[in-house]
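Asks: coords please:
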Amino acid sequence: MNPAALTPPMTTAYTPLPNTFRRDILASRKLIGCWSSLTSPVTMEILGIAGFDWLLLDTEHAPNDLQSLMLQLMALKDSASAPVVRPPSNDAVFIKRLLDLGFVNLLVPMIESAEEARRAVAATRYPPQGMRGVSGVQRCNRYGSQPDYAAQINDNVCVLLQIESRGGVAALDQILAVPGVDGIFVGPSDLSAAYGHFGEPNHPEVQGVIAEVHARTRAAGKAAGILTTVEADAQRYIAQGFQFVAVGSDQTLFRAVTQGLRDRFSSD
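Replies: Residues are numbered from 1 along each chain as shown. The predicted model follows:
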């Protein structure tokens, strides 16, 4: 048999579907998400079946590695939920590896300056728009079978930046002005610690800062997001006008349900 016959002809240029999550972020549509820290493809597949608009795969505070992230991405292939990944830091090398896996939506933590914002955006773009390293055979381009991937992908990556410190709040207007920043995400827990109210995200001062970040973000025409595992807080943030809200986490849900089940059968 002719070996060439085993290789399908590459006659159609790769035209990726638009990143609908980014499109919706830029349009400031309401998007309901869920945080995932359990690192399991089975858990991720179940979350994907639930129908959330987006799912956050965490590497900052969860024991995910590149292998576990890839398996979870595979588990979401048939889901309408958009995968968003949070790298452990604003690290161009790690971000490059996440992009090579096939992620197109990134939430970069602890941004405190316009320079850090520019660095985060540059890490997600191929030159000349950025500094992303090039590898022609990766999962992101179906292992080299999509030759036009590089020409298309710069316009399909969504960059969300997390504001969770006094420095980030102070530099917010400059951060928002950086081209390629698609949205801002508030970290209530870190903000509460930064403002001297550790573990009290609903403290009036912290809530005032959150409202300020939201207002300044919206004034700049960007979408604002936030995370909470308390339903009443999620409803309040949605009513306040936050566009992309994570309303729970798999870890918190699993613990609450299992503890509740055990407590209902506890002995006297």
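
Asks: Quickly find the element holding Q207.
Replies: Assigned by DSSP states H and E, Q207 belongs to helix 204-219.

Asks: Verify the stated contact: L57 with L66.
Replies: No: the pair L57 / L66 is not scored as a contact, 11.2 Å apart, by C-beta atoms under 8 Å. Backbone N, C-alpha and C define where each C-beta goes, glycine included.

Asks: Looking at the two, which is more packed in?
Replies: Shown here are L57 and L66; by other C-beta atoms under 10 Å, L57 has more neighbours (25 against 13).

Asks: For the stretch 1-150 of the chain, which residues score under the pLDDT cut-off?
Replies: Within the stretch 1-150 of the chain, the segments meeting pLDDT under 70 span 1-17.

Asks: quick one, helices of it?
Replies: 20-26, 41-50, 66-75, 92-101, 114-123, 149-153 (DSSP state H, counting those that start in this stretch).

Asks: What residues of the third one count as buried?
Replies: Looking back up the chat, that one is helix 66-75. S68, L69, M70, Q72, L73, A75 (16 or more other C-beta atoms under 10 Å).

Asks: What are the contacting residues of stretch 77-84?
Replies: 20-21, 33, 45, 47-57, 72-73, 76, 103, 105-107, 158, 160 (C-beta atoms under 8 Å, 6 or more residues apart in numbering).

Asks: How about stretch 88-101?
Replies: Applying C-beta under 8 Å, 6+ apart, the contact partners of stretch 88-101 are 59-60, 66, 69-70, 73, 85, 87, 106, 108-111, 116, 119-120, 122-124, 131-133, 135, 138-140, 153, 157.

Asks: what do you get for stretch 160-173?
Replies: 25, 84, 86, 105-114, 117, 120, 175, 181-187, 189-191, 194-195, 209, 212-213, 216-217, 220, 225.

Asks: sorry, back to before: narrow the contacts of stretch 88-101 to those that are buried.
Replies: Buried subset of the contacts of stretch 88-101 (neighbour count, 16+ other C-beta under 10 Å): 59, 69-70, 73, 85, 87, 106, 108-111, 116, 119-120, 122-124, 131-132, 138, 140, 153, 157.

Asks: Compute the distance between the residue nearest the centre of the chain and A120, please.
Replies: Centroid check for the chain by C-alpha atoms, centre = their mean gives V84 as the closest residue, at 3.3 Å. To A120, V84 is 14 Å away according to C-beta to C-beta, to the nearest Å.

Asks: and if you look at A62?
Replies: From A62 to A120 the distance is 20 Å (C-beta to C-beta).

Asks: repeat for V169
Replies: 17 Å.

Asks: With L253 instead?
Replies: L253 is 30 Å from A120, by C-beta to C-beta.

Asks: what does D91 give?
Replies: For D91, the distance to A120 - C-beta to C-beta - is 10 Å.
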